[in-house]
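In: Structure for this input, please:
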Amino acid sequence: MDRKELLKNEIGSLDAPWQSGAARLEGKGMDLRERERLTQRLDYFLLHKYLGPPIMVACFALLFWGSFALGKPVSGYLGTWFEELSMWFEQSVSGYLPPVLMGLLSDGIIRGIGSALAFFPQMLLFFAFYTVITETGYASRIASLMHRPMARLKMEGKSFTPLILGYSCNVTAIISTRSIPKRIDRLIIMLISSFTPCSARLGVILYIAAAFFAPLTATLVMSGLIVLSWAVSALVSYLIKRKYIDSGDVGSPVELPPYHLPAAMTVLRATVFRTLDFLNRIKNVVIISSVLVWFLSTFPLGTTFEHSLAARIGQLLEPLGRSMGLNWQLIVALIFGFFAKETTLSTLGVLYHASQGLGNLGSIMSQSISPLAGLTFLVVYMFYTPCVATATAIYKESRSFLFSTLSIMVSLTVAFVLGILVFNLGSLFS
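Out: Numbering: from 1, shown residues only. All right, here's what the predicted structure looks like:
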């Protein structure tokens with residue numbers, strides 16, 4: 001059995017259903033009766049009608065904070081190291097390689113790999129926290145809390161957890177759908193996962209909303225976008241589920257295992273294997289997409305970015321963008337956002353000649369674009385196609401190229417329809 005097969009088997013065993021309570025508790029230093037009493041005391045608060053949901057929100061907030069606050073410094077260090085490596089490579093081979101080949105290796109390959117590995121510490125920490133939540137038995141409590149509200153959408157309570165995890169990263173949301181028993185529910189969650197704004201997308205939305213609107217208005221815009229994403233996700237999932245014969249069967253309430261203190265080695269093994277599995281799934285796509293971005297923004301040689309292939313594609317699609325009030329610069333930003341949502345601001349910075357660090361990007365955009373067009377862009381950006389890593393994860397988990405393509409088309413259609421509605425309704429009142 002090769003290493004890839006061992007990796008799959010290991011991940012599968014870590015994601016397997018809970019064993020019986022007696023087997024999990026045997027020989028753990030606390031008798032069954034004491035553990036049952038402890039479980040009852042904890043469940044009084046964690047499953048409480050009013051206390052349970054806030055505790056759950058706080059738990060996820062801690063998970064996100066730990067993943068990004070603790071992982072960001074390491075990610076920044078890795079990003080800086082790869083940037084320095086790229087610069088050192090350019091200086092070392094300068095004069096020995098043609099400029100085009102040097103740019104491909106430096107910008108397309110080295111920086112592309114660096115962008116993927118810079119995300120490694122955050123994913124590692126995320127999977128560590130997520131493993132703890134799962135292994136302790138609290139993940140089953142979350143599913144139990146959300147069983148009734150999710151049943152109204154004809155979904156199981158376990159479907160809620162991936163939706164919340166999507167605020168961290170849509171890829172983790174896709175991977176966590178493995179815990180959902182029914183394939184139709186897994187596919188629905190994969191489909192609507194791109195409607196949940198990940199941390200990168202939220203960062204871009206926050207920046208642009210602050211550039212176009214006053215603080216109070218920007219807060220209302222952000223809140224409205226989040227609520228709109230919930231509404232669209234609920235509507236799409238309900239419309240799909242109601243078409244199936246078993247749509248009324250949402251399963252029985254989740255069986256709750258006793259709480260369990262996971263061994264450190266179990267958490268470490270699960271974290272490493274899940275993280276390596278994630279990187280293995282996206283490594284080729286990240287490199288290919290980085291090279292493609294470099295190619296579109298570099299050719300034809302000797303021209304500025306405004307005359308590159310990427311800009312020409314944006315100008316070609318500008319008539320479509322006009323129906324939503326979007327110019328070709330915003331369309332190019334959306335296209336590059338498919339490869340990585342973080343590139344949206346840097347792309348806009350180049351197109352609008354903002355200074356390094358995006359210091360004046362907000363003021364330049366607010367002078368060049370109307371607030372209505374800015375709002376429309378935010379709506380489209382919230383819903384349009386997931387990033388290439390998420391699309392790849394959907395394909396790997398669904399094992400269906402047709403479904404992966406369908407998920408992208410649905411996202412584009414929703415974004416396009418909402419963009420037209422927002423811009424044209426706004427034009428009536430402006």
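
In: Could I get the full set of helices for the stretch 151-300 of the chain?
Out: 160-165, 170-175, 183-192, 199-212, 215-241, 264-298 (DSSP state H, counting those that start in this stretch).

In: So which elements touch the last one?
Out: Helices and strands touching helix 264-298, by 3 or more CB pairs under 8 Å, 6 or more residues apart in numbering; DSSP states H and E, are helix 3-14, helix 99-103, helix 111-117, helix 120-136, helix 170-175, helix 309-316, helix 328-339, helix 388-398. Every C-beta, even on glycine, is put in place using the N, C-alpha and C of the backbone.

In: Put together a markdown table for the helices of the stretch 151-300 of the chain, with distance to Gly71, mean neighbour count and mean pLDDT on each row.
Out: A markdown table is the format used below for these (distance: least, CB to CB, whole Å; neighbours: other CB atoms under 10 Å; pLDDT from 0 to 100):
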| stretch | distance to Gly71 | mean neighbour count | mean pLDDT |
| --- | --- | --- | --- |
| helix 160-165 | 15 | 23 | 76 |
| helix 170-175 | 13 | 27 | 84 |
| helix 183-192 | 25 | 21 | 88 |
| helix 199-212 | 11 | 19 | 79 |
| helix 215-241 | 24 | 15 | 84 |
| helix 264-298 | 11 | 17 | 76 |
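
In: ok so, going back, what's the most buried one of the helices and strands packed on helix 264-298?
Out: Of these, the one with the most neighbours on average (mean count of other CB atoms under 10 Å) is helix 170-175, at a mean of 27.

In: per-residue confidence at Leu345?
Out: With respect to pLDDT, Leu345 scores 74.

In: returning to what we had before: lowest-confidence stretch among the helices and strands packed on helix 264-298?
Out: Among these, helix 3-14 carries the lowest mean pLDDT (a mean of 45).

In: how about the helices in the stretch 301-430 of the chain?
Out: Using DSSP H, counting those that start in this stretch, the helices found in the stretch 301-430 of the chain span residues 309-316, 318-322, 328-339, 343-351, 361-368, 371-383, 388-398, 401-429.

In: who wins for proximity to Val74 among the ones you listed?
Out: Using CB to CB as the measure, helix 388-398 is the one of these that comes nearest Val74, at 19.3 Å.

In: Correct me if wrong: Ser179 contacts Phe160.
Out: No. Ser179 lies out of contact with Phe160 (CB atoms under 8 Å); the separation is 10.9 Å.

In: Can you give the contact residues for stretch 339-348?
Out: With CB atoms under 8 Å, 6 or more residues apart in numbering as the test, stretch 339-348 has contacts from 115, 198, 200-201, 203-204, 207, 289-290, 292-293, 329-330, 332-334, 336-337, 354, 358, 361, 365, 381, 387-389.

In: nope, stretch 179-196 is what I meant
Out: The contact list for stretch 179-196 (CB under 8 Å, 6+ apart) reads 15, 134, 139, 155-156, 158-159, 161-163, 166-167, 170, 173-174, 177-178, 229, 232-233, 236-237, 240-241, 244, 251, 382-383, 385-386, 390, 394, 397-398, 403, 406-407, 410-411, 414.

In: Could you work out the end-to-end span of that stretch for me?
Out: 19 Å (CA to CA, to the nearest Å).

In: coming back round to it: in JSON lines: the helices of the stretch 301-430 of the chain, plus distance to Ala61.
Out: Formatted as JSON lines, the helices of the stretch 301-430 of the chain follow (distance: least, CB to CB, whole Å):
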{"stretch": "helix 309-316", "distance to Ala61": "37"}
{"stretch": "helix 318-322", "distance to Ala61": "37"}
{"stretch": "helix 328-339", "distance to Ala61": "26"}
{"stretch": "helix 343-351", "distance to Ala61": "25"}
{"stretch": "helix 361-368", "distance to Ala61": "27"}
{"stretch": "helix 371-383", "distance to Ala61": "21"}
{"stretch": "helix 388-398", "distance to Ala61": "22"}
{"stretch": "helix 401-429", "distance to Ala61": "27"}
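
In: do you know which of those helices lies nearest Ala128?
Out: Smallest distance to Ala128 across the helices of the stretch 301-430 of the chain (CB to CB): 19.3 Å, for helix 388-398.

In: pretty sure Phe299 is touching His307, no?
Out: No. Phe299 is beyond contact range of His307, at 10.1 Å (criterion: CB under 8 Å).

In: Now do the shared contacts for these two.
Out: Shared contacts of Phe299 and His307, counting by CB under 8 Å, 6+ apart, come down to nothing at all.

In: sorry, back to before: switch the helices of the stretch 151-300 of the chain over to a markdown table; also include distance to Ser370.
Out: Formatted as a markdown table, these follow (distance: least, CB to CB, whole Å):
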| stretch | distance to Ser370 |
| --- | --- |
| helix 160-165 | 33 |
| helix 170-175 | 30 |
| helix 183-192 | 30 |
| helix 199-212 | 9 |
| helix 215-241 | 14 |
| helix 264-298 | 27 |
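
In: Could you point out which of the ones you listed sits nearest Gly52?
Out: Judging these by CB to CB, what sits closest to Gly52 is helix 160-165, at 12.6 Å.

In: Determine the set of other helices and strands touching that closest one.
Out: helix 138-145, helix 170-175, helix 183-192.

In: Could you dump the ones you listed into a markdown table and include distance to Gly325?
Out: Putting the helices and strands packed on helix 160-165 into a markdown table (distance: least, CB to CB, whole Å) gives the following:
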| stretch | distance to Gly325 |
| --- | --- |
| helix 138-145 | 41 |
| helix 170-175 | 27 |
| helix 183-192 | 26 |
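
In: Just put the helices and strands packed on helix 264-298 in JSON lines and tack on distance to Ile184.
Out: Formatted as JSON lines, the helices and strands packed on helix 264-298 follow (distance: least, CB to CB, whole Å):
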{"stretch": "helix 3-14", "distance to Ile184": "21"}
{"stretch": "helix 99-103", "distance to Ile184": "46"}
{"stretch": "helix 111-117", "distance to Ile184": "32"}
{"stretch": "helix 120-136", "distance to Ile184": "23"}
{"stretch": "helix 170-175", "distance to Ile184": "16"}
{"stretch": "helix 309-316", "distance to Ile184": "36"}
{"stretch": "helix 328-339", "distance to Ile184": "27"}
{"stretch": "helix 388-398", "distance to Ile184": "11"}
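
In: Fine by me, thanks again.
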